[in-house]
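**Student:** please work out how this folds:
(one chain, ligands or ions: 1)
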Amino acid sequence: MLSSALAEAAEAGSLLVATDFDGVLAPLVLDPSTSRPLPGTVDSLRGLAAQPGTYAAVVSGRDLASLGALTGLADQGEVTLIGSHGAESTAAQGGSSMTPEQRDTLDRVTAELEALMPAHPGFWLEHKPTAVVAHTRRMSPDAAPAAEAAALEVTTRHTDVHVLHGKQVVEVSVVQADKGTALTGLREALGADALVYFGDDVTDEHVFTRLGDGDVGVKVGDGETAARWRVDSPEDVAQALTLLLERRAHR
Ligand SMILES: O=P(O)(O)OC[C@H]1O[C@H](O[C@H]2O[C@H](CO)[C@@H](O)[C@H](O)[C@H]2O)[C@H](O)[C@@H](O)[C@@H]1O
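**Tutor:** Below you'll find the predicted structure:
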């Protein structure tokens with residue numbers, strides 16, 4: 001049972017609790033700028049980070065500025081924020097940077113994706129420091145696959161890009177990063193004995209596949225996964241974080 005696994009993880013000498021943002025802390029919505037974490041979730045992460053030998057992190061595809069603003073965790077040091085799928089982190093020196101060639105590639109991919117918009121009503125682009133994201137959630141279910149296919153076709157014309165095909169998004173980055181590498185690096189830097197991670201999308205599988213015995217990986221919602229445990233919704237994540245905090249505070 002998940003509650004038993006969380007109770008066991010709460011007894012670890014040092015513990016890192018990390019969560020994805022969209023679809024995990026915050027329910028999925030049409031407009032990413034209106035996403036908000038469920039009540040209590042951010043407080044639970046802050047509460048966990050305040051416990052001795054305990055660390056908390058939010059690991060997201062969002063760029064760091066957006067993640068900080070949406071979680072309200074921009075100007076604090078307790079909860080580590082990892083953005084752009086690992087390319088940006090509050091735990092790292094400096095921000096994400098691009099070579100002139102990468103800047104040029106991002107501009108060209110963006111222009112090619114923009115050119116698709118008139119033919120695909122509802123298709124829109126989100127711009128990040130080192131990536132562009134093609135969104136299809138506002139399109140009708142019948143029309144979205146053709147737009148995603150067209151976006152993916154654009155990416156085949158560029159050899160120097162990294163493509164992530166997530167939930168109704170095609171994300172094209174000019175910087176190589178994945179959540180598993182970023183979170184494993186943070187875990188090693190902190191020396192955490194156990195890692196608890198909640199994620200809902202294909203990009204979170206990079207984390208789930210790197211978990212070991214004593215770690216707890218929780219997939220949120222449907223879909224194939226390497227995670228050992230599964231819950232239905234962000235509301236279940238909120239409950240699990242509350243439970244984890246209670247257990248950790250009273251161990
Ligand atoms: O790693 P995450 O925190 O899950 O971020 C992944 C992407 O999340 C956002 O897109 C997703 O959420 C949107 C708002 O609920 C939704 O409209 C979209 O369909 C989802 O794919 C975000 O906009 C992307 O930049 C992130 O990469």
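
**Student:** residues making contact with stretch 198-207?
**Tutor:** 18-20, 22-24, 59, 61, 85, 164-167, 178-181, 183, 197, 208, 217-221, 223, 225-227, 231, 237, 240 (CB atoms under 8 Å, 6 or more residues apart in numbering). Every residue, glycine included, has its C-beta placed from N, CA and C.

**Student:** now with 6 Å, please.
**Tutor:** 19-20, 23-24, 164, 166-167, 178-180, 183, 197, 218, 220-221, 226, 237 (CB atoms under 6 Å, 6 or more residues apart in numbering).

**Student:** out of the residues you listed, which are buried?
**Tutor:** 19-20, 23-24, 164, 166-167, 178-180, 183, 197, 218, 220-221, 237 (16 or more other CB atoms under 10 Å).

**Student:** make sure residue 81 is indeed in a helix.
**Tutor:** No: assessed with DSSP: H, G, I helix; E, B strand; the rest coil, residue 81 is strand; it does not lie in a helix.

**Student:** does it touch residue 59 like I think?
**Tutor:** No: counting by CB atoms under 6 Å, residue 81 sits too far from residue 59 to count as a contact (8.3 Å).

**Student:** who's more crowded, these two?
**Tutor:** Just comparing residue 81 and residue 59: by other CB atoms under 10 Å the higher neighbour count belongs to residue 59, 30 against 22.

**Student:** with adjacent residues omitted, what lies nearest to that one?
**Tutor:** Nearest residue to residue 59, sequence neighbours excluded (CB to CB, 6 or more residues apart in numbering): residue 82, at 4.4 Å.

**Student:** if I look at that neighbour, how far off is residue 166?
**Tutor:** As judged by CB to CB, to the nearest Å, residue 82 and residue 166 stand 16 Å apart.

**Student:** now the residue of the chain found nearest the ligand: closest residue in space that isn't a chain neighbour?
**Tutor:** Closest contact between the chain and the ligand, by CB to the nearest ligand atom, is at residue 61 (2.5 Å). In space, and not counting its chain neighbours, residue 61 is closest to residue 85: 5.1 Å by CB to CB, 6+ apart.

**Student:** helices along the stretch 151-251 of the chain, start to end?
**Tutor:** Here the stretch 151-251 of the chain has its helices, by DSSP state H, counting those that start in this stretch, at 179-190, 205-208, 234-249.

**Student:** no more questions from me, cheers.
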